[in-house]
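> Need a 3D model of the sequence below.
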Amino acid sequence: MIRPFGRKKSLTDPPPPWPHHPEPGGTGPVKPDARRQLILAHVARQGEARVEDLARRFDVSLETMRRDLAQLAEAGEVIKRHGRVRRAALVHEPDMTDRMATQGAQKARAATHLAALIQPNETVFMDTGSTTLACARALARVAGLTCITNSLAIAEVLGRAGRRVFLLGGSYGPANAQTVGPMVIEQATRFRADRAIVTVAGLEARAGATDADVEEAQVARAMLAQADMSVVVADSAKFGRRAAFTVSPLRALGLIVSEHGAQTPDDWLATAPPEPAT
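Got it, this is the predicted structure:
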């Protein structure tokens, strides 16, 4: 006689449990990248959290949670200290009009240092910013300069000086007198330049060059990708700060130009402001 294998399921048996998910609304096990984003969102909501509490909430071992937090800290997203973790402070920038009124002398000195580096007949990318606008005024005297930009203000300054200008077209943002979006990024790929000159909202050793506006960060990345040298120009008030959107890792930059002069990333690191302990 053949015996049945196991017990036949009864219609009255309870349903099997759903796969465990630590966050409300989940539908299954969470992949590591998605889990780290959930951790980041939770820490942002709470302001601060204990590592042990996070491990319990997300149903992972302490070792796994520490690895997740180490990756988030390496990306500059969180700060770890004494078994606790908090969201790293983000920089939010005002519009162009307000930015033009701050750090004006420092931006002018940075522009002077940048202009000393640019040779006649060079082709440069320049993105939108109060600092790059100051640079455009200084570069207007460079003979044979060609500029590719998404800034209407920069295009006007250099165009009136008789320099060759290519204005990238796209969605117009009146607050900063700039064009942004996929069309700008696609058009940038049609050019090659000696240098890409971009400005940023923050510059840190770990997070690198960052911007507070996602579309401006996308345009800056597209310009950097099409240039032989990447140049970040920023006044030193941006040093040690971090904004939400990555423009470039620090080591990928060719030069960092501020009111103090031009530095390589290694030279800048030697004098950079200290970052919070992790």
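> How many residues are close by E216?
26 (other Cβ atoms under 10 Å). To be clear about C-beta, it is placed using only N, CA and C from the backbone, and glycine gets the same treatment.
> what do you get for A188?
27.
> how about the nearest residue to it, chain neighbours excluded?
A222 (4.2 Å; Cβ to Cβ, 6 or more residues apart in numbering).
> for V184, what are its contacts?
Residues near V184 by Cβ atoms under 8 Å, 6 or more residues apart in numbering: 150, 168-171, 219, 222.
> Make CSV out of those and add pLDDT.
Formatted as CSV, the contacts of V184 follow (pLDDT from 0 to 100):
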residue, pLDDT
N150, 98
L168, 98
G169, 96
G170, 94
S171, 92
V219, 97
A222, 98
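> For this structure, which segments are assigned as helices?
Using DSSP state H, the helices of the chain run over residues 32-46, 51-57, 62-74, 96-100, 104-115, 130-139, 152-160, 182-188, 214-225, 265-271.
> what about those helices, which gets the closest to E204?
helix 265-271 (10.3 Å; Cβ to Cβ).
> Could you break the chain into its assigned domains?
Listed by automatic domain parsing, the domain ranges of the chain are 32-87, 96-271.
> what's the most buried one of the ones you listed?
Greatest average neighbour count among the domains of the chain goes to domain 96-271 (a mean of 20), per mean count of other Cβ atoms under 10 Å.
> Verify the stated contact: V219 with I185.
Yes. Under the criterion of Cβ atoms under 8 Å, V219 makes contact with I185 at 6.5 Å.
> which phi and psi does the spatially closest residue to G144 that is not a sequence neighbour have?
Distances taken as Cβ to Cβ, 6+ apart put N121 closest to G144, at 3.7 Å, once the chain neighbours are dropped. Dihedral pair for N121: phi 70, psi 10, per degrees, to the nearest 10.
> quick one: N121 from T112, how far?
20 Å (Cβ to Cβ, to the nearest Å).
> and if you look at R195?
16 Å.
> measure the residue nearest to A188 to A55 for me?
On the measure of Cβ to Cβ, A222 and A55 end up 39 Å apart.
> got it, and D211?
For D211 relative to A55 (Cβ to Cβ), the value is 33 Å.
> Same question for L117.
For L117, the distance to A55 - Cβ to Cβ - is 50 Å.
> What of R84?
13 Å.
> A105 now?
Taking Cβ to Cβ, one finds A105 at 50 Å from A55.
> One more: G240?
31 Å.
> What of R66?
As judged by Cβ to Cβ, R66 and A55 stand 8 Å apart.
> go on, G173?
Counting by Cβ to Cβ, the gap from G173 to A55 is 43 Å.
> Likewise for G83?
11 Å.
> do the same with D33
In terms of Cβ to Cβ, D33 sits 18 Å off from A55.
> now swap in E74 and tell me
In terms of Cβ to Cβ, E74 sits 19 Å off from A55.
> Could you do R141 as well?
For R141 relative to A55 (Cβ to Cβ), the value is 60 Å.
> and what of G129?
Following Cβ to Cβ, the distance that separates G129 from A55 is 42 Å.
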